[in-house]
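> structure of the sequence below:
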Amino acid sequence: MSITNATLLYQKLKADSEITTESIIKSLIEFYMKSEERQKKFDGINYYDSENTAIKERKEKDLIINHKIASGFYKKLVDQKVNYCCGNDIVVENLPEDDDLIDINDFTIDMATEASIKGVEWLYPYINAERELDYKVINSLECIPIWDTEFEDTLQTMIRFYKVDMVENGKTFTRNKVELYDKEKVTYYIEDADHNYIYDNSVNNEIYYNSNHYVTMGNVTEIKNFGWGQVPFIPLFNTKKAVYDLQNVKGDIDLYDIVKSDFANDLEFHQTAILVIINRGAQDLDDFREKLKKHKIIEIDNEEAEGGGAHYLTLEIPVEARKTFLEIIRKDIYEHGFGVDTKQVGDGNITNIVIKSRYADLDLKANKFIKQIKAFLKRWFKFVNIYRKIKGQAQIDVNNLDYVFDKKMIFNETEMIENFVNQGGRISNKTLLANHTQVNDVDKEEKQIEKEQAQYDERFGMNTENENDGDEDE
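I've put the predicted structure just below:
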C-alpha cells in the first residue's frame, strides 16, 4: 500500500525537536478525524448497513414527497465475496501436530468482512492473563498506523484511540483514550478537559507485551520485560492499496437509490388527480408547494381564459422506462462490483459451464483478495512463532505453509450428479465422493459405504470370496 498522509505528517512533526509526543498524538488525531480516508470507512459501514449516505441525506426541500429508499447491494456484494472465499474453512497444511492454539477460521471471516467494508482491518495478538496467545479484532476506525518511509511495509507505530465516558464533578464527559504502540510496549494517554493529551495515571505506564516474574521464597526477585520485536497489529488489506469494495459501485448504487425513491415519490404523488384552479389569484412558492403537497391543488393565472374555472389533471408515470433503467443500473452494479447477480444465473436447467462463466468476475476479485488473506495469515504465524519461542516450542516454517481455500459456488446439482454417475469406472470412487455435493467427509462416507455393503452381503448370504474360489476350481 502507498504511504499514508498520517505517516508523512508524523515524520514531519517528529523532525521538530521541540514538539512532544502528546502534541504529535493530538495533531494526528485531529488530522485523521477530518480525513477522506476516515470518511470512506464510515461510508463503507453505512452502505453495508443499508444506510446509504447519498439517499438518506437528501433534503426534503427539493421535493414535494421525499422517500429515501436505500438498496442493500453493497452488503450483498461484500457477503458474496467473503463467503465465496472463506465460507468453507481455510485449511492450513504443513502445520506441526502440536499447533493447537487458535483456529484461524475463528477470526478470518470477520476480518475479511470488515476489510472489504473499510479497506483494512487490524488483528491484535497478545498474551492473556493465562499466559496463552490470544487476539482481538480492532476496528480500523480507531487506528492510525505509522509506516516506515523507505519500503512502506513495516509498521513503526500504531496509535489507537477510542471514546470513553468519564465523570468529573458529578458530570459525565466523553474523552478520547489513546494507546500508543511501538515494538516493545504500549503507553496510555487520556484527553483532558482542554483536549490535550496527558499520561493516563489510571493504568501502569509503560506496559510491555510480555513480562517474566522470577519468584524466590514466595517473593518476586526480578522482573524481565520483553516486547514482540514488532508492533503487534496485523493488517488485512482488501486490496494492495487498501481500497474498499464500495469504490467501484458507489455511484451506481446512489443512482439506483435515487431513481427508485423518485419512482416511489411519483407513485404516491400521482395516486390521485390534481385539481387545477384557474384565475384564483397569485400565490407565493411556499404556499404553492404546501397546497400541492397537502391538497393536490394548483392555482394558475390564465389571461386568455374568461373568468375562473377548474379541472382535474392526471399524469401518466413512465413505469416501463424506469423499470428498464433500474435493470440497467442493477446490471452495472454487479458488473462494476465484480459480483454475481443470482437472479441472472438461471433456473435448474442452466449448465455448470454457463454458471462458471458468470462467476468469472467474482473469481477474479476473490483471487486478488485471497492473496491479501495469505499475506495476513503469514504475519499471524510469525507472531505464533514468537509465542512458541517463549514456550520453548519448535519454530514453524512459515514459508512452507500452504493455505487451501475451498471456494463456494452455486451449481446445477442434477447435472453434476449425472456426470459423476456417467464417469463411474473411469475415475476413482474417492474422487467421485470428494466432489459429490452431499459429501463433506470422504473417509467417513467410504466407511459408511463399506458398512452398508457388508450388511447387504450378510443379509442376502452373499460371499464374494467363496464365489471367486469356486470359479478358480473349475
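
> for the strand or helix carrying Ile328, which positions count as buried?
Ile328 belongs to helix 319-336 when assigned by DSSP states H and E. If you call a residue buried by 16 or more other Cβ atoms under 10 Å, then helix 319-336 has these buried ones: 325-326, 329-330, 332-334, 336. Using the backbone N, CA and C atoms, a C-beta is placed for each residue, glycine as well.

> can I get those residues in CSV with pLDDT and distance to Pro125?
Shown next, in CSV, are these (pLDDT from 0 to 100; distance: Cβ to Cβ, whole Å):
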residue, pLDDT, distance to Pro125
Phe325, 93, 50
Leu326, 94, 46
Ile329, 96, 43
Arg330, 95, 42
Asp332, 96, 41
Ile333, 97, 37
Tyr334, 95, 37
His336, 96, 36
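
> for this structure, which strand is longest?
strand 155-168 (DSSP state E).

> and the next helix or strand after that strand, what other elements does it pack with?
Using DSSP H and E, the helix or strand that follows strand 155-168 in sequence is strand 171-181. Using 3 or more Cβ pairs under 8 Å, 6 or more residues apart in numbering; DSSP states H and E, the elements in contact with strand 171-181 are helix 21-33, strand 155-168, strand 185-191.

> next, the angle from the shortest one to strand 155-168.
Taking axes from the mean of the first three to the mean of the last three Cα atoms, to 10 degrees, strand 185-191 and strand 155-168 form an angle of 40 degrees between their directions.

> for the following helix or strand past strand 185-191, which residues meet the burial criterion?
Next helix or strand after strand 185-191 toward the C-terminus (DSSP H and E): strand 197-199. The neighbour-count check on strand 197-199 (16+ other Cβ under 10 Å) flags Tyr197 as buried.

> about what we covered before: can I get the helices and strands packed on strand 171-181 in JSON lines with distance to Asp257, mean neighbour count and mean pLDDT?
JSON lines is the format used below for the helices and strands packed on strand 171-181 (distance: least, Cβ to Cβ, whole Å; neighbours: other Cβ atoms under 10 Å; pLDDT from 0 to 100):
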{"stretch": "helix 21-33", "distance to Asp257": "27", "mean neighbour count": "17", "mean pLDDT": "93"}
{"stretch": "strand 155-168", "distance to Asp257": "30", "mean neighbour count": "15", "mean pLDDT": "91"}
{"stretch": "strand 185-191", "distance to Asp257": "38", "mean neighbour count": "19", "mean pLDDT": "93"}
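
> nearest to Asn399, of the ones you listed?
strand 155-168 (20.5 Å; Cβ to Cβ).

> what lines up beside that closest one in the sheet?
Using DSSP bridges, strand 155-168 pairs in its sheet with strand 143-147 (antiparallel), strand 171-181 (antiparallel).

> list of residues touching the longest one?
I take that to be strand 171-181. Identification of contacts with strand 171-181 by Cβ atoms under 8 Å, 6 or more residues apart in numbering yields 21, 25, 29, 157-167, 186-193, 197, 200, 231-233.

> what comes up buried for it?
For strand 171-181, by 16+ other Cβ under 10 Å, it's 175-181.

> one more: stretch 106-115?
In stretch 106-115, counting by 16+ other Cβ under 10 Å, buried: 107-109, 111-115.

> strands along the stretch 351-474 of the chain, start to end?
Along the stretch 351-474 of the chain, the segments classed as strands by DSSP state E, counting those that start in this stretch run 402-404.

> could you look up the SS state of the closest residue to Gln393 other than its chain neighbours?
Excluding its sequence neighbours, the residue lying closest to Gln393 (Cβ to Cβ, 6 or more residues apart in numbering) is Asp98, at 6.6 Å. Of the three states, Asp98 takes coil under DSSP: H, G, I helix; E, B strand; the rest coil.

> quick check: next helix or strand after the helix holding Ile328?
helix 342-345.

> work out the gap between that following helix and the centre of the chain.
Relative to its chain's centre, helix 342-345 lies at 23 Å (Cα atoms, centre = their mean, to the nearest Å).

> once you drop chain neighbours, what's closest to Ile146?
In space, Ile146 is closest to Thr157, 4.0 Å off (Cβ to Cβ, 6+ apart).

> who are the neighbours in contact with that neighbour?
10, 145-146, 180-182, 231.

> if we use 10 Å, what do you get?
With contacts defined as Cβ atoms under 10 Å, 6 or more residues apart in numbering, the neighbours of Thr157 are 7, 10, 14, 24, 28, 144-147, 180-183, 231, 233.

> kindly write the PyMOL command that selects the buried subset of these.
Buried members of those, defined by 16+ other Cβ under 10 Å, are picked up in PyMOL with:
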select buried, resi 7+10+24+28+144+145+146+147+180+181+182+231+233
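
> ok so, going back, now the buried residues of helix 319-336 in JSON lines, with distance to Lys391?
Below are the buried residues of helix 319-336 laid out as JSON lines (distance: Cβ to Cβ, whole Å):
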{"residue": "Phe325", "distance to Lys391": "62"}
{"residue": "Leu326", "distance to Lys391": "59"}
{"residue": "Ile329", "distance to Lys391": "56"}
{"residue": "Arg330", "distance to Lys391": "54"}
{"residue": "Asp332", "distance to Lys391": "53"}
{"residue": "Ile333", "distance to Lys391": "50"}
{"residue": "Tyr334", "distance to Lys391": "48"}
{"residue": "His336", "distance to Lys391": "49"}
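
> how far away is the residue nearest to Ile146 from Lys183?
According to Cβ to Cβ, to the nearest Å, Thr157 and Lys183 sit 9 Å apart.

> equivalent analysis for Ile109, please.
Ile109 is 29 Å from Lys183, by Cβ to Cβ.

> same check, this time on Val164
Here Val164 is placed at a distance of 26 Å from Lys183 (Cβ to Cβ).

> contacting residues around the residue nearest the centre of the chain?
In the chain, the centroid-proximal residue (Cα atoms, centre = their mean) is Thr113; its distance is 2.3 Å. Shown in contact with Thr113 (Cβ under 10 Å, 6+ apart): 48, 75, 78-79, 81-83, 86, 121.

> need the residues touching each of Thr157 and Lys183.
In contact with both Thr157 and Lys183: Val231, using Cβ under 10 Å, 6+ apart.

> okay, the nearest residue to Gln80 once chain neighbours are set aside and Pro235: tell me how far apart.
Leaving aside its sequence neighbours, Gln80 sits nearest to Gly339 (Cβ to Cβ, 6+ apart; 5.6 Å). Applying Cβ to Cβ, the value for Gly339 to Pro235 is 24 Å.

> any idea how far the residue lying closest to Thr21 once chain neighbours are set aside lies from Ala112?
Nearest residue to Thr21, sequence neighbours excluded (Cβ to Cβ, 6+ apart): Leu180, at 7.3 Å. Using Cβ to Cβ, we find Leu180 at a distance of 28 Å from Ala112.

> just to revisit the earlier point, if you rank the contacts of Thr113 by neighbours, which is first?
When those are compared by neighbour count (other Cβ atoms under 10 Å), Glu121 ends up highest, at 27 neighbours.
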